[in-house]
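Undergrad: One predicted model, sequence on top.
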Amino acid sequence: MSLKFSRPIAFFDIEATGLDTTKDRIVELAICKIHPDFSRESFSWLINPEMPIPAKASAIHGIYDQDITNEPTFAKLSAHIWHILDNCDFGGFNSNRYDIPMLYNEFLRTGKTIDYSSIRFIDAGAIFKRQEERTLSAAVKFYLGYEMVDAHAADADIEATVDVFEAMLQKYKDLPQNMEGMHLFCNYDKPVMDLSGKFTIDDEGDIIFNFGSKRGNKAKYDIGHLQWMYGKDFAPDTKRICEKLLGINQQHYS
């Protein structure tokens, strides 16, 4: 393998009650830790989300209310999961926009805040989209040569994701060979500003809005919109950027 890394990458896949990373809850979590010698450790849990699972979500991942009634809540599992993820970089498939923010917000409800300033994000979905522009099932067929039959089962999805990631490292010799470079590649050569993606940077290195009618505008020139965001129910890490740009004393949200 060409990629060199010194600490484990915790690839994880989440099935949830929906797609809203701030309000929906995890119903299944699978983690596959890949170590620098490319050995693996796997973990998976069904999780009681403490809310009904919408029928549309159940139709996709096959997990129903009766399946999780007697399962532990995320709060009960949080210390164990936190320990597993300690000193790891994070990975997944389309994880930068879904799995990582979802996990961040679940931990936030338990009083734990993931400090992702020193965590590198490896998104096999972003690599695939930049190189081939397809889906996980297509990636399995393209890179591994077989049809994926257990899509949307978290443990099958994440094992397939790691298999695809390792095949990518073999196929694309021009991929970055260190974690910092891979982290930037997976976020389209830009640093992660906030997990919900409300901010990014432009080619001049200035912070810009990344949603709504203000998308692409330099944030420092629109104090009114920053103040509006600061007064609304945006995620804590998004509000920290607002605080910085507004010159407000930094607060801690937990």
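TA: Cool, got the structure. Remember, it's a predicted structure, so these values are computed and weren't measured experimentally. Numbers count the residues shown, from 1 in each chain.
Undergrad: Tell me where the stretch 1-150 of the chain has strands.
TA: Along the stretch 1-150 of the chain, the segments classed as strands by DSSP state E, counting those that start in this stretch run 9-16, 26-34, 40-46, 89-92, 121-123.
Undergrad: What average pLDDT does the fourth one get?
TA: Strand 89-92 comes out with an average pLDDT of 97.
Undergrad: try the second one
TA: Mean per-residue pLDDT for strand 26-34: 97.
Undergrad: try the last one
TA: Across strand 121-123, the average pLDDT comes to 96.
Undergrad: ok, residue 42 - how many residues close by?
TA: By the measure other C-beta atoms under 10 Å, the count of residues near residue 42 is 13. (C-beta placed from N, C-alpha, C; glycine too.)
Undergrad: roughly how far apart are it and residue 154?
TA: Separation of residue 42 from residue 154 (C-beta to C-beta, to the nearest Å): 11 Å.
Undergrad: any common contacting residues for those two?
TA: residue 30 (C-beta atoms under 8 Å, 6 or more residues apart in numbering).
Undergrad: returning to what we had before: and the strands of the stretch 1-150 of the chain: which comes nearest residue 233?
TA: Residue 233 lies closest, by C-beta to C-beta, to one member of these: strand 9-16, at 19.2 Å.
Undergrad: That closest one packs against which elements?
TA: Other elements packing on strand 9-16 under the criterion 3 or more C-beta pairs under 8 Å, 6 or more residues apart in numbering; DSSP states H and E are strand 26-34, helix 55-61, strand 89-92, helix 99-109, helix 154-171.
Undergrad: repeat that for 10 Å
TA: Strand 9-16 is packed against strand 26-34, strand 40-46, helix 55-61, helix 74-85, strand 89-92, helix 99-109, strand 121-123, helix 154-171, with contacts defined by 3 or more C-beta pairs under 10 Å, 6 or more residues apart in numbering; DSSP states H and E.
Undergrad: Same question for the second one: list its buried residues.
TA: Judged by neighbour count (16 or more other C-beta atoms under 10 Å), strand 40-46 contains these buried residues: 43-46.
Undergrad: Which two of those residues have the greatest separation?
TA: Farthest apart among the buried residues of strand 40-46 - using C-beta to C-beta - are 43 and 46, which lie 12.1 Å from each other.
Undergrad: Many thanks, I have nothing further to ask.
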